[in-house]
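[1] sequence and computational prediction follow.
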Amino acid sequence: VGAQIDGCQDMSNIHITSPFQKGYLLNWTAQKTIWDSIFSDPLKVSAGDTHLIVTEPPLNFTSIQEAWDEVIFEEYGFKSLFRCSASTLTAFHYKQTHTDSQCCLIVDAGHAFTHIIPYTTGNRSLLVPSGSMSEVNTCVTC
């Protein structure tokens, strides 16, 4: 976990593991190690009294969502979980602050992907397909 690098004497032995691949949480062991260090020390979270909001990629796989549920409720015991895409939260905020607007276009650019999602009256538009461009980020980060 990031804070442990301060105690590292030999930088040649560092091995970096990301829990995410192409924006999807796939390495649960690495993610749980990160969460354990965050929830216990700096935040001192009492999971049983805490409502958790988690953002996920648009059109996340059901198997990953089910794994989230298992870890959040069975491993940590959080009181509740609200899961949605970051673009949904952004569109909600936009609608709250721009009440006269009927639509917005959200560009969600992450490390491994970019999603472009149109929203009409606060909902993902069914008329216009949303897109995902992983190649764009590959070119930008090379």
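    Thanks, I have the structure now. Numbering: from 1, shown residues only.
[2] need the three-state assignment for K44.
    For K44, the secondary-structure state derived from DSSP: H, G, I helix; E, B strand; the rest coil is coil.
[3] state the distance from it to T50.
    11 Å (CB to CB, to the nearest Å). Where C-beta positions appear, they are placed from N, C-alpha and C, glycine not excepted.
[4] which of these two has more neighbours?
    T50 (14 against 7; other CB atoms under 10 Å).
[5] in this structure the more buried one contacts F82, no?
    No - using CB atoms under 8 Å, T50 makes no contact with F82, being 11.8 Å away.
[6] where along this structure do the strands fall?
    For the chain, the strands defined by DSSP state E cover 20-21, 24-25, 51-56, 80-85, 103-109, 114-120, 123-124, 131-132.
[7] alpha carbons of the third one, as PDB, please.
    The C-alpha coordinates for strand 51-56 follow below in PDB (Å, rounded to 0.1, in the frame of the first residue of the first chain):
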ATOM      1  CA  HIS A  51     -23.500   3.900   4.400                       C
ATOM      2  CA  LEU A  52     -21.100   3.400   1.500                       C
ATOM      3  CA  ILE A  53     -21.300   5.000  -2.000                       C
ATOM      4  CA  VAL A  54     -19.200   3.300  -4.700                       C
ATOM      5  CA  THR A  55     -18.800   4.400  -8.300                       C
ATOM      6  CA  GLU A  56     -18.300   1.800 -11.000                       C
END
